[in-house]
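Undergrad: okay, predicted coordinates and the sequence, questions at the end:
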Amino acid sequence: MNNFVETYLKEIKESCSLLNKDMINQIVSKLKKVKENSGRIFFIGVGGGAGNATHAVNDFRKIADIECYTPSDNISELTARINDDGWSTSYKEWLLTSKLSKNDIIFIFSVGGGDVKKKISTNIVEVIKIAKKKKSIIVGITGPDGGYTKKNTNFCLTIPITNKNNLTAITESFQSIVWHLLVSHPGLKKKSMKWESILK
């Protein structure tokens, strides 16, 4: 048991050291442009990625002062769309109702990035297709393979994983680490976080 703890934390450290810092800086620049153009960020995730999307919406609205949303926050609408029209189009139709445009960013949190042949995260695939039609910027944070997201986004930060047995846990952890980095970045941060302001 002790060996697992030590090994897991070592893998986290290794993933951190291998992150593509240039890609993170490119994402910061795009987020700044979207804000300057009064665009919005739509965070997209499934499972743990949906939880990360909810948290990210809070942080980007409150700290970075950017208008943003996630379709998974409205459980009534989401389940109605799934029930009536199916899982694959549930997020896509939500985005169409929200008038997704070229001024907006689609920001995807996904371990595998979606795969049509394997029928995994097909709603993410449909989101990317509609975002490309609308000429929205598409950003992703995925596992090392990246799937459909990596192949079809403008910017995809893939999380380097040294042990595939911990693929999901480490990828989803780093999604949180990276979005906290983004909202803390001086190019995006607009408001002090509560505890930091108290400690000054």
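TA: Looks like it came in fine.
Undergrad: does residue 43 touch residue 73 like I think?
TA: No: contact criterion Cβ atoms under 8 Å: residue 43 and residue 73 do not qualify, at 9.2 Å. C-betas here are computed from N, CA, C, even on glycine.
Undergrad: which parts of stretch 174-183 are buried?
TA: In terms of neighbour count (16 or more other Cβ atoms under 10 Å), stretch 174-183 has its buried residues at 174, 175, 176, 178, 179, 182, 183.
Undergrad: pLDDT below threshold where in this structure?
TA: Along the chain, segments meeting pLDDT under 70 span 1-2, 200.
Undergrad: returning to that earlier point: for residue 43 and residue 73, list the residues in contact with both.
TA: Shared contacts of residue 43 and residue 73 (Cβ atoms under 8 Å, 6 or more residues apart in numbering): 53, 54, 57.
Undergrad: Provide the backbone phi and psi angles at residue 41.
TA: Per-residue torsions, residue 41: phi -110, psi 130 (degrees, to the nearest 10).
Undergrad: so what's it bridging to?
TA: The partner list for residue 41 in beta bridges (DSSP bridges) reads residue 68, residue 105.
Undergrad: neighbours of it, how many?
TA: When neighbours are counted by other Cβ atoms under 10 Å, residue 41 registers 24.
Undergrad: hang on, isn't it packed against residue 103?
TA: No: using Cβ under 8 Å as the test, residue 41 is too far from residue 103 to be in contact (10.7 Å).
Undergrad: what touches both of those two?
TA: Counting by Cβ under 8 Å, 6+ apart, the residues touching both residue 41 and residue 103 are residue 34.
Undergrad: how about residues contacting stretch 168-178?
TA: Residues lying outside stretch 168-178 but in contact with it, judged by Cβ under 8 Å, 6+ apart, are 11-12, 15-16, 19, 24, 48-49, 52, 55, 109, 111, 141-143, 157, 159, 161.
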